[in-house]
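[1] 3D model of this:
(chains A and B)
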Amino acid sequence: MNYKPKQLFIERMSLLLKDRQDLDKFFETVKTKPRKSIRVNTLKIQPEELIIKLKNKGWKLKQPCENYPEIIQIQSELKPGELGTTKEHILGHYYVQEITSMMPIIALQPKPNDILLDLCASPGSKTTQSTASMQNQGTIIANDVSMSRISILSTNLERIGATNTIITRHDGIQLCNKLKQQKFQFDKILVDAPCSGEGNIRVSPRTYLEWSEGLLKRLSNKQKKLASSAFQLLKPNSEMIYSTCTHAPEENEEVIQHLIDNFNIEIQEIKLPIKSRPGITKWKNKIFSQKLKKAHRIYPHDNNMEGFFLCKIKKLSDKTITKSRERGI
Amino acid sequence: MRIIFGSEKKRIIKQLQEQFGISKIPHLFLRFGKEKIRAYSGNLSIEELKELDKTLRIETAGLYFAKQQQDGIRLTLDGVQLFKPQITKNILELTGEQTQQWLKGNDLDIQTSKAFKILKNQNEFLGCGKSTGERITNFVPKERRIKN
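    The predicted structure is shown next:
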């Protein structure tokens, strides 16, 4: 079935991508399928060893990100489902993951002794990436709300050989409240929030059908609550990544602005190995802090990948701000 | 979640040594259900784990690496992967064709002594099967098998 964007979606995208050629490129790109990519599971195998095995199958491979040899793009056309049914996949030597979705953990850089919360963890792409980054040390609390999603998360964690994870099943806000009561705090937190999925249209064009401004508003409210609840669990001077796979400012900059207005935070610079654009500081009649320029927007046509948003936030102290402070504009 | 301590952990390791030659397991052992044993390598203390278990709905922790059965301990596919550098006993070398059949979830017609066997092809460890003497029973999880 051929899904088409709603007029309102086109209008909103034209506000984000003001240059006509840029906008046309976006809509041309989202009609096409992205290249498949994988991340080498360095807990089990080194990139050069896996590359030899996969090349022996006749696959053409590319390592598109300098300094990240574990990121591999498949240049050949594979049979449907082939990536998920090789011996190497069964043995957990690699994880099929879109490259933009690897960016939050590249930005967060979890270390071996960290205690990390992955609040919306399923299917486990970023949890498994964190486990590798932490060399199966430290602890990850990987949470999701539904049993079916937990089951997928659990299978993926087993396959990659994760031994440092604890899987919990709670509504994200409820989990944060329970942990807060226990005074449990984290060195790193990832809130990869449930979102409208505008960045995933290339693989899920059905998103166009379900999309509405009402949905964005509802999600934005939920995301603000998730991000605020999680943020309170950070140790002072520790960092959280907030990310989505959508372009809607209500689900991105507006959520970060909500944190700026309520907590003592600093937005941190991050360097990504793919092209990204700064976060925006104005959307319709809303003005956001200039600090939002340090957030990253990734559009599908920037890298011929999927779309994404991420922002790294450092907690300066446990102090909360009762009144919205003046924005740095 | 139940933490496996002292003599019970020692008994499990002794059995793993007798069956497969595995003797060094620094992980904390956790039991979920009656038979499943999981290995946790994280840095939370036992007290912290117990406290979390009281407050949160913990579905699993660590890696499911072994199942305690009446006739011995069966390592999972991921348990074999985790401890492969230590495995020295009950190894069965498969051909390329047998490897394909095994990863498709099929039992293998191989005559060997009755025991849990670690299946291997060249450098790859492919999991654990149970030899009946005439046949190796397949335990590759359904969702991990190569589809026909």
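[2] what sits against residue B:115?
    B:19, B:72, B:90, B:130, B:131 (CB atoms under 8 Å, 6 or more residues apart in numbering or on different chains). The way it works is simple: take the backbone N, C-alpha and C, and place the C-beta from them, glycine included.
[3] ok, now which ones touch the third one?
    Under the criterion of CB under 8 Å, 6+ apart, the contact partners of residue B:90 comprise B:19, B:20, B:115, B:116, B:117, B:118.
[4] For the closest residue to residue A:101 other than its chain neighbours, grab phi and psi.
    Spatially, and ignoring its direct neighbours in sequence, residue A:101 is nearest to residue A:125 (5.5 Å; CB to CB, 6 or more residues apart in numbering or on different chains). Main-chain dihedrals, residue A:125, degrees, to the nearest 10: phi -60, psi -50.
[5] check contacts around residue A:125.
    A:95, A:97, A:98, A:101, A:102, A:156.
[6] Can you give me the neighbour number for the first one?
    It refers to residue A:95. 22 (other CB atoms under 10 Å in any protein chain shown).
[7] cool, and the third one?
    Residues near residue A:98, counting by other CB under 10 Å, number 22.
[8] Over to the second one?
    A count of nearby residues for residue A:97, using other CB under 10 Å, gives 19.
[9] And for the fifth one?
    Look at residue A:102: counted by other CB under 10 Å, it has 25 neighbours.
[10] Please look at it and residue A:73 and confirm they touch.
    No - if you go by CB atoms under 8 Å, residue A:102 and residue A:73 don't touch, sitting 11.5 Å apart.
[11] Show me the shaky parts of the chain.
    In the absence of a named chain, chain A is used. Within chain A, the segments meeting pLDDT under 70 span A:1, A:322-329.
[12] Correction: the question concerned chain B.
    Residues of chain B that meet the cut-off, pLDDT under 70, sit at B:148.
[13] After the top helix by length along it, which helix or strand is next?
    The longest helix of chain B (DSSP state H) is helix B:6-20. Next helix or strand after helix B:6-20 toward the C-terminus (DSSP states H and E): strand B:28-32.
[14] quick one: residue B:62 from residue A:154, how far?
    11 Å (CB to CB, to the nearest Å).
[15] again with residue A:95
    Where residue A:154 is concerned, residue A:95 sits at a distance of 14 Å (CB to CB).
[16] Chain neighbours aside, what residue packs nearest to the residue most central in space within chain B?
    In chain B, the centroid-proximal residue (CA atoms, centre = their mean) is residue B:75; its distance is 1.8 Å. In this structure, residue B:75 finds its nearest non-sequential neighbour in residue B:128, 4.3 Å apart by CB to CB, 6+ apart.
[17] part of a strand, is the one you found?
    Yes - counting by DSSP: H, G, I helix; E, B strand; the rest coil, residue B:128 is part of a strand.
[18] so it sits right up against residue B:80, yeah?
    Yes - contact status for residue B:128 versus residue B:80: in contact at 5.5 Å, counting by CB under 8 Å.
[19] Between those two, which has more neighbouring residues?
    residue B:128 (28 against 23).
[20] right, and the helix or strand after the helix or strand that contains residue A:261?
    Residue A:261 belongs to helix A:253-262 when assigned by DSSP H and E. Toward the C-terminal end, the helix or strand that comes next after helix A:253-262 (DSSP H and E) is strand A:263-268.
[21] Buried residues, that following strand. List them.
    Residues of strand A:263-268 classed as buried by neighbour count (16 or more other CB atoms under 10 Å in any protein chain shown): A:263, A:265, A:267, A:268.
[22] same question, stretch A:129-148
    A:129-134, A:136, A:138-145.
[23] filter the residues you listed by proximity to chain B?
    A:136, A:138, A:139, A:140, A:141 (CB under 8 Å from any CB of the partner chain).
[24] wait, what's in contact with residue A:189?
    A:116, A:117, A:119, A:230, A:231, A:233, A:234, A:238, A:239, A:240, A:241.
[25] The fourth one belongs to a helix, doesn't it?
    Same thing as residue A:230. Yes - assessed with three-state DSSP, residue A:230 lies in a helix.
[26] for it, what are its contacts?
    By CB under 8 Å, 6+ apart, the neighbours of residue A:230 are A:117, A:119, A:172, A:176, A:189, A:191, A:240.
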